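Colleague: Whatever this is, show me its structure:
(one chain, ligands or ions: 2)
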Amino acid sequence: MEDEQKKITEEILRLKEERRAIILSHNYQRDEVQEIADFTGDSLELSRKAAGVDCDVIVFCGVNFMAESASVLSPDKTVLLPELEANCPMADMVRVSGERKVWKTFPGYDEQPTFVFPHDFTLRDIKAQHPGVPVVTYVNTTADVKAESDICCTSANVVKVIESLPDKEVICIPDRNLSAWAAKNTDKKIIAWDGFCHVHDRVSVEDVRKARKLYPNALLMAHPECRLEVLELADHVTSTSGMLRFAKSSDATEFVVGTEIGLMYRLGKENPDKIFYPLRKDMICPNMKKTRLSSILRALKELTHIIKVPEDIRLGAKKALDRMLEIK
Ligand code: 13P
Ligand code: SF4
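Modeller: Numbering: from 1, shown residues only. Ligands and ions are numbered 1, 2, ... in the order given. Have a look, this model is predicted:
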């Protein structure tokens, strides 16, 4: 097994050179994928990287909206998504217009076993209800949704982005929890879409209480995709890379990690003398775990799957992403 992994790794590195490729990985990817990547980061860091990287091919180890953003920002490069089925259920909870899509259960999401989403309501409907109100769109959305938006945001900069707008009210798409967090941290009125991330939304106040009891000396970090009542009990609320920075700079030696467990790999590696506990062991994003070393190898060998956003949508999405990237 180890020999097999070594062989695949060598082959990936050889093909990477040959193709002038770069491998980008989100912080939630499998340990071995993060290990082979040229750069691992949160959504904001990855967007910046995709916009500025010097190569011919970008292999994007993440979910499809991230590869789309790379294609939007680097149209002259070949952007590859190694696993075509790696999608983000939250991103699919909003569409620009058109047919109703029904979501049923998510694996492991016991609290709401028959949650049906979304309603017969589209981005254009909410815009029509609030004419002139700008749309702030989380990067966890498809490119056509970004193209219909005024500006993008990530979990790292949502408040800054909202504050950068002159308007007194904004529409926030699609995460209701991120919107609630933003509303708490700004005086502006937030009109929130009703989407959520099934990995983070499952965390309850009870989970926090249990963790506090089990690890009384640990600081609790939570991702803003968690519910507001959970965030209010956390010691620090931030993006995945924000957690990495916080853990490194803090004097504390124990941390409870309120995000997808893929982050535990870098936390442990970069802080060998500190201890990290998952807030819930089942905070696993099945889509982020679809990409394996064998997927990367196939992607580089066969140049699959090429993600190319159509030019009219790309230009609209780029405007919203660029406007976000201009904010320091
Ligand atoms: P960040 O890494 O930007 O915090 O994003 C979390 C996430 O859920 C990406 O899918
Ligand atoms: Fe989407 Fe949540 Fe998975 Fe991130 S962790 S890709 S928001 S489902």
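
Colleague: Can you pull the residues of the chain lying near ligand 1?
Modeller: Proximity of the chain to ligand 1 (CB under 6 Å from any ligand atom) is limited to residues 27, 42-43, 88, 140, 154-156, 197, 223, 225, 239-240. C-betas here are computed from N, CA, C, even on glycine.

Colleague: Among those residues, which one lies nearest to Arg209?
Modeller: Closest approach between the residues of the chain next to ligand 1 and Arg209, by CB to CB: His223, at 18.4 Å.

Colleague: Next up, the contacts around the residue lying closest to Asp56 once chain neighbours are set aside.
Modeller: Distances taken as CB to CB, 6 or more residues apart in numbering put Arg20 closest to Asp56, at 4.2 Å, once the chain neighbours are dropped. Contact analysis of Arg20 by CB atoms under 8 Å, 6 or more residues apart in numbering lists Cys55, Asp56, Val57.

Colleague: that older thread, pick out the most distant pair among the residues of the chain next to ligand 1.
Modeller: Cys88 and Ala156 (16.9 Å).

Colleague: who has more neighbours, the two?
Modeller: Between Cys88 and Ala156, counted using other CB atoms under 10 Å, the more crowded position is Cys88 (22 against 19).

Colleague: show me the contacts for the nearest residue to that one once chain neighbours are set aside.
Modeller: Spatially, and ignoring its direct neighbours in sequence, Cys88 is nearest to Val63 (4.5 Å; CB to CB, 6+ apart). Taking CB under 8 Å, 6+ apart, we find Val63 in contact with His26, Ala86, Asn87, Cys88, Ala91, Cys285, Asn287, Met288.

Colleague: do Val33 as well
Modeller: Each residue near Val33 by CB under 8 Å, 6+ apart is listed here: Ser25, Cys61, Thr291, Arg292, Leu293, Ile296.

Colleague: wait, is the last one part of a strand?
Modeller: Read that as Ile296. No: when DSSP: H, G, I helix; E, B strand; the rest coil is applied, Ile296 is found to be helix, with no strand at that position.

Colleague: Please name the residues that touch it.
Modeller: By CB under 8 Å, 6+ apart, the contact set of Ile296 is Ile12, Ile23, Val33, Ile36, Val59, Cys61, Pro82.

Colleague: picking that back up, TSV for the contacts of Val63, including distance to ligand 2, secondary structure and pLDDT?
Modeller: Below are these laid out as TSV (distance: CB to the nearest ligand atom, whole Å; DSSP: H, G, I helix; E, B strand; the rest coil; pLDDT from 0 to 100):
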residue	distance to ligand 2	secondary structure	pLDDT
His26	8	strand	97
Ala86	8	coil	93
Asn87	8	coil	89
Cys88	3	coil	91
Ala91	6	helix	90
Cys285	3	coil	96
Asn287	5	coil	94
Met288	5	helix	97
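
Colleague: Only C-alpha atoms, please: export the lowest-mean-pLDDT helix or strand in the chain in PDB.
Modeller: Least confident helix or strand, the chain: helix 43-52 with a mean of 88, by mean pLDDT, DSSP states H and E. Below are the C-alpha coordinates for helix 43-52, written out as PDB (Å, rounded to 0.1, in the frame of the first residue of the first chain):
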ATOM      1  CA  SER A  43     -11.200  30.000   0.100                       C
ATOM      2  CA  LEU A  44      -9.800  33.500   0.200                       C
ATOM      3  CA  GLU A  45      -6.200  32.500  -0.100                       C
ATOM      4  CA  LEU A  46      -7.000  30.000  -2.800                       C
ATOM      5  CA  SER A  47      -8.800  32.700  -4.800                       C
ATOM      6  CA  ARG A  48      -5.800  35.000  -4.500                       C
ATOM      7  CA  LYS A  49      -3.500  32.200  -5.500                       C
ATOM      8  CA  ALA A  50      -5.600  31.200  -8.500                       C
ATOM      9  CA  ALA A  51      -5.600  34.800  -9.700                       C
ATOM     10  CA  GLY A  52      -1.800  35.200  -9.600                       C
END
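
Colleague: Please consider this matter closed, and thank you.
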